[in-house]
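>>> Have a look; sequence and predicted model below, questions after that.
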Amino acid sequence: MVWIHGGGFTYNSAVEDAYGAGLLIEHGVVLVSLNYRVGAFGFLNMLNQHVPGNAGLKDQVLALKWVKHNIYNFGGDPLDITIFGESAGSASVQYHTLSPLSQGLFHRIIMESGSALNPWAFTEEPRVRAFQLGKLLSFNGTDDNELIEYLQKIPADELIEAQNQIINNEYAKQCLDFPFLPSIEVKGTGSNFLTEHPRSLLERGEFAHVPAIIGINSKEGILSLTDAFKTKKDYGDYYGNFIPEELHLVNGSEKYNELADEIKAFFFYNKPVDVNNLDAFTNVCGDIAFVIGIYETINYFLNYSDSVYIYEFTFEGKLGFLRKAIQSMRPDLKVPAGVSHADELGYIFPSKKIKYLDTSSPELKIVHVMTNMWTKFAKTSTPTEKINASFYWEPASKEKLNHLDINNPLKLEGTIFLPERITFWDDILENTHLNNNQQNVLYNASVQ
C-alpha cells in the first residue's frame, strides 16, 4: 500500500508521526509513504521545456517505479500495489489513473476526500500564477526565461513566503484554493504527465479502470472556517461566491444571478451568509471544494467499472483532529457538528492517543474497522468479507449508487451520500454539461 499525503499540493510531508505504519501492517501489508515536491517547487509551470510543470506528480511516478522495482526486497508484491491518499493525495491518486506515465504501476486505488475535478486541485492559468509569484518578488519583466532565471536565484524560504500571498479574494470565492497546482503540460516538453484536461480524459474513459474505494467525510466544509469571516466583508450577501467555477458562468449574467438565487434559497433559506449560518456555509463550501468533484468522479468510474465502493465517514470521535484544531484556532466561531475534512485519518493512522482508549471504546472499533477494510481491499479488491450478520459492503453501480455509512454501527445506505444536495447540484451540472465540454475543448486547444 503506497500512501500519498495531502496538503493542497502546497505543504505537508509523509512524516511518521502522522502517517506511520501503525495498525495497517498488523493486517499483513507493506506500507510505503512517499514525499514529493510541493508548491512552486513542485507545480510551477511555464508551459515550455524548461519548466513544463507537474514536477511533484512526476516525483510520485518515480517513487511508484521504485516500489515496483524494489518492494519485493521488503516483503511486498510488485504485482499487487494499491495507491491511496487523502485530499491532495487523493487527487494525486486520480491523476495517476489519468497519466500514461503511471500506467502499470498500481492495481487498486483508494481516494479519500479529494478529486482531480475539485477546483483547488487543478489550475487553468499556471503561467499567470508564475508571473504573480515573480511580481511579489520584485520581478517586473514579461520574458519567460528571464523569470525562470530570476526565481532560481531566490532563496527557498522567500519563495515559500511569496507563494502564500498569491491567493487573494479572487480565488477565495471557491472556499479553498492553493497557489501552484497540477496543470496541463504542452506536448513535447519532455516526458509529459498530463496533456489534456482531466475531465476530457474521464469523459472518453481514458483512465486506468481499476477497483476503487472513494468517499467523503460528512462535513468536509469545516476546513473552510480556517480563514472565513475574519472580516465583515468576507462573503456578505454575495451568493455568487458559491457558484462552481466549472460552470463557466459570467458574473452578472442572467444564468449566474438565477443560480445565485437558487443557492441562497436552497442552502441559506434566503438568510445572510454570516456567522449565524455556519452550518449552511460549511455545507455549500464542502460541496464546492470536495463533494461535487468526487461525485462526478464516481459517475465517470462507474461508466467503466463494476468494482467501485463508495463511503461517507460520519463517525465523530476523539481521534478526529482537524475539527478540534479549527475550533481551537477560531474560538470566535461555533464550529458546526460533523466530521471535518481529514478527520478520518485518525482512524487509519491512529496517533499515540490510541493506547489510552478503552478496549471497548467506539473509537477503537472504528480504527479496527477502517484498517481492516482498507487492507482487505488492498489484498483482495473487496474491502471486507462481511460487515455484520446482515449485509456486505456492496459495490455501487450506475443503477444503484449505494454507499457505506462509516459509523458505529456501520450501515449500508441505498443511495449516494448527501442525496438532497447531490440532486441539487446534479440538476445544475446536467444543464451545463455541453458548456463544460466546449470550455474543455477550447482550453486544451489553446494550450497545445
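All right, it came through fine.

>>> Chain neighbours aside, what residue packs nearest to H107?
Excluding the flanking residues, the one nearest H107 by Cβ to Cβ, 6 or more residues apart in numbering is I81, at 5.5 Å. In short, each C-beta sits where N, CA and C put it, glycine included.

>>> should've said A208
T97 (4.3 Å).

>>> what sits up against whatever helix or strand the one you found lives in?
T97 belongs to helix 88-98 when assigned by DSSP states H and E. With contact meaning Cβ atoms under 8 Å, 6 or more residues apart in numbering, helix 88-98 is reached by 3-10, 36, 57, 60-61, 64, 83-85, 102, 105-106, 109-116, 118, 121, 182, 193-194, 198, 201-202, 206-208, 210, 297.

>>> Filter these down to the buried ones.
3-10, 36, 57, 60-61, 64, 83-85, 102, 105-106, 109-116, 118, 121, 182, 193-194, 198, 201-202, 207-208, 210, 297 (16 or more other Cβ atoms under 10 Å).

>>> Tell me which entries of these lie within strands.
Using DSSP state E, the subset of the buried ones among the contacts of helix 88-98 located in strands is 3-4, 83-85, 109-112.

>>> where does the stretch 151-300 of the chain have low pLDDT?
Where the stretch 151-300 of the chain drops to pLDDT under 70, the residues are 168-174, 232-237.

>>> redo that, cut-off 90
For the stretch 151-300 of the chain, applying pLDDT under 90 flags the ranges 164-177, 227-241, 245-252, 272, 274.

>>> coming back round to it: quick one: the residue nearest to A208 and V67, what's the gap?
16 Å (Cβ to Cβ, to the nearest Å).

>>> When the two are compared, which one has more neighbours?
Neighbours around T97 and V67, counted as other Cβ atoms under 10 Å, are more numerous at T97. The numbers are 25 against 21.

>>> where exactly do the strands run in the stretch 301-448 of the chain?
Here the stretch 301-448 of the chain has its strands, by DSSP state E, counting those that start in this stretch, at 308-313, 403-406, 411-413.

>>> For the second one, list the C-alpha coordinates in PDB.
Read it as strand 403-406. Written as PDB, here are the backbone C-alpha positions of strand 403-406 (Å, rounded to 0.1, in the frame of the first residue of the first chain):
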ATOM      1  CA  HIS A 403     -22.700   3.800  -0.100                       C
ATOM      2  CA  LEU A 404     -21.400   2.700   3.300                       C
ATOM      3  CA  ASP A 405     -22.100   5.000   6.200                       C
ATOM      4  CA  ILE A 406     -18.900   4.500   8.300                       C
END
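
>>> That one - contacts with which helices or strands?
Judged by 3 or more Cβ pairs under 8 Å, 6 or more residues apart in numbering; DSSP states H and E, the packing partners of strand 403-406 are strand 212-217, strand 308-313, helix 362-380, strand 411-413.

>>> Model confidence for the spatially most central residue of the chain, exactly?
Using Cα atoms, centre = their mean, the residue of the chain that lies closest to the mean C-alpha position is G114, 2.0 Å off. For G114, the pLDDT comes out at 98.

>>> Disregarding residues adjacent in the polypeptide, which is nearest to it?
S90 (3.0 Å).

>>> Please report how far that neighbour lies from T415.
Distance, S90 to T415, by Cβ to Cβ: 22 Å.

>>> between the two, who's got more neighbours?
S90 (29 against 13).

>>> circling back: dump the strands of the stretch 301-448 of the chain into a markdown table; add distance to I263 as well.
Below are the strands of the stretch 301-448 of the chain laid out as a markdown table (distance: least, Cβ to Cβ, whole Å):
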| stretch | distance to I263 |
| --- | --- |
| strand 308-313 | 22 |
| strand 403-406 | 24 |
| strand 411-413 | 25 |
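
>>> least reliable of these going by mean pLDDT?
When I compare those, strand 411-413 is least confident, with a mean of 94.

>>> in its sheet, what does that strand sit against?
Partners of strand 411-413 in the sheet, by DSSP bridges, are strand 403-406 (antiparallel).

>>> And the contacts of the partner strand?
215, 309-315, 344, 366, 369-370, 387, 393, 396, 410-413, 415-417.

>>> from the chain's centre, how far out does the helix holding T97 sit?
On the basis of Cα atoms, centre = their mean, to the nearest Å, helix 88-98 sits 8 Å off its chain's mean C-alpha point.

>>> Below-threshold pLDDT in the stretch 1-150 of the chain: ranges please.
Applying pLDDT under 90 to the stretch 1-150 of the chain flags the ranges 15-18, 20-23.

>>> swap the cut-off to 80 and go again
22 (pLDDT under 80).

>>> which residue ranges form the helices in it?
All helices of the stretch 1-150 of the chain, identified by DSSP state H, counting those that start in this stretch, fall at 16-19, 39-43, 55-70, 88-98, 126-136, 144-152.

>>> Most tightly packed of those helices?
With neighbours defined as mean count of other Cβ atoms under 10 Å, the helices of the stretch 1-150 of the chain peak in mean count at helix 88-98, which reaches a mean of 27.

>>> Dump it to PDB, restricted to CA.
Only the C-alpha atoms of helix 88-98 are listed here, as PDB (Å, rounded to 0.1, in the frame of the first residue of the first chain):
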ATOM      1  CA  ALA A  88      -4.400  16.400  -2.500                       C
ATOM      2  CA  GLY A  89      -3.100  12.900  -2.000                       C
ATOM      3  CA  SER A  90      -6.500  11.600  -3.200                       C
ATOM      4  CA  ALA A  91      -6.500  13.900  -6.200                       C
ATOM      5  CA  SER A  92      -2.900  12.700  -6.900                       C
ATOM      6  CA  VAL A  93      -4.200   9.100  -6.900                       C
ATOM      7  CA  GLN A  94      -6.800  10.100  -9.500                       C
ATOM      8  CA  TYR A  95      -4.100  11.900 -11.600                       C
ATOM      9  CA  HIS A  96      -2.200   8.600 -11.700                       C
ATOM     10  CA  THR A  97      -5.200   6.900 -13.200                       C
ATOM     11  CA  LEU A  98      -5.100   9.500 -16.000                       C
END
